[in-house]
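1. Predicted model follows, preceded by the sequence.
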Amino acid sequence: MVWNPVQPVQLLRRRVQAWWLARHRRSDTLVLSQRNLYILPSRPGLFFCATLLVLLLASINEQLSLGYLLTFLLGGAGLASMHSTHSNLQGLSLDLKPPAPVFAGDDVQLELRLHNGGAARYGVGLQVKESSPVEGVDRVAWTDVSAGGHAPLQLRFASAQRGLHELPALQVLSRFPLGLFRAWSVLRPAAQVW
């Protein structure tokens with residue numbers, strides 16, 4: 001029997017996919033909490049971390065007290081930005097209104113309502129997870145949610161073929177306040193569209 005290196009990779013991919021689908025069940029409502037909210041550095045955030053590393057190495061090499069001060073001050077600002085980015089989405093809840101039927105080839109319009117029970121949230125975006133920017137067009141719908149208020153959000157995407165289809169996964173995201181980190185979560189709608 002010959003060992004095939006593709007089989008373990010496919011097995012691992014199926015297990016990760018099953019874990020992901022079990023973690024994000026289909027529902028038309030989503031409450032963002034620590035269980036379903038993820039955060040990673042953005043590209044500018046990675047450059048910021050690299051700059052901090054260079055500053056730290058230069059301060060160690062040259063024994064600069066003010067270099068240490070600047071490095072740790074900027075590092076603290078980065079950590080505060082990470083906390084603010086995560087808390088900008090935590091506690092929001094989303095409700096999806098069932099979409100109206102459309103003709104094949106037309107755009108499906110999704111209407112979501114964001115509910116905020118806490119402080120004001122800025123720079124909350126929503127996009128279709130499988131979409132990619134075409135010709136430099138940003139396919140993210142952005143909104144701000146007032147303190148203790150609600151905000152409607154509309155999102156469009158191209159319909160596929162005729163028939164009854166499941167809605168694609170939606171991604172809610174934020175880069176507020178400095179853009180160094182990107183927090184996101186996934187909403188897998190249970191509604192279907194004709």
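-> Arrived safely, thanks for sending. Residues are numbered from 1 along each chain as shown.
2. Can you show me the strands along the protein?
-> 29-31, 38-41, 93-97, 107-115, 121-128, 141-145, 150-158, 165-166, 170-174, 181-187, 192-193 (DSSP state E).
3. Just give me the longest helix of this structure.
-> If you go by DSSP state H, the chain has its longest helix at helix 65-89.
4. relative to strand 170-174, how tilted is it?
-> 140 degrees (axes from the mean of the first three to the mean of the last three Cα atoms, to 10 degrees).
5. that older thread, which of the strands of the chain sits closest to residue 11?
-> Smallest distance to residue 11 across those (Cβ to Cβ): 23.3 Å, for strand 181-187. From N, CA and C alone the C-beta is placed, and that goes for glycine too.
6. Neighbouring strands - and their directions - for that closest one?
-> Taking DSSP bridges as the criterion, strand 181-187 forms sheet pairs with strand 38-41 (antiparallel), strand 170-174 (antiparallel).
7. Just say which of these is most tucked in.
-> strand 170-174 (a mean of 22; mean count of other Cβ atoms under 10 Å).
8. Measure how it sits relative to strand 141-145, angle-wise.
-> 60 degrees.
9. Show me what the longest helix of the chain is packed up against.
-> Judged by 3 or more Cβ pairs under 8 Å, 6 or more residues apart in numbering; DSSP states H and E, the packing partners of helix 65-89 are strand 38-41, helix 43-62, strand 121-128, strand 170-174, strand 181-187.
10. avg pLDDT for the second one?
-> It stands for helix 43-62. On average, the pLDDT along helix 43-62 is 95.
11. which other residues reach it?
-> Around helix 43-62, the neighbours that count as contacts under Cβ atoms under 8 Å, 6 or more residues apart in numbering are 41, 64, 67-68, 70-71, 74-75, 78, 179-182.
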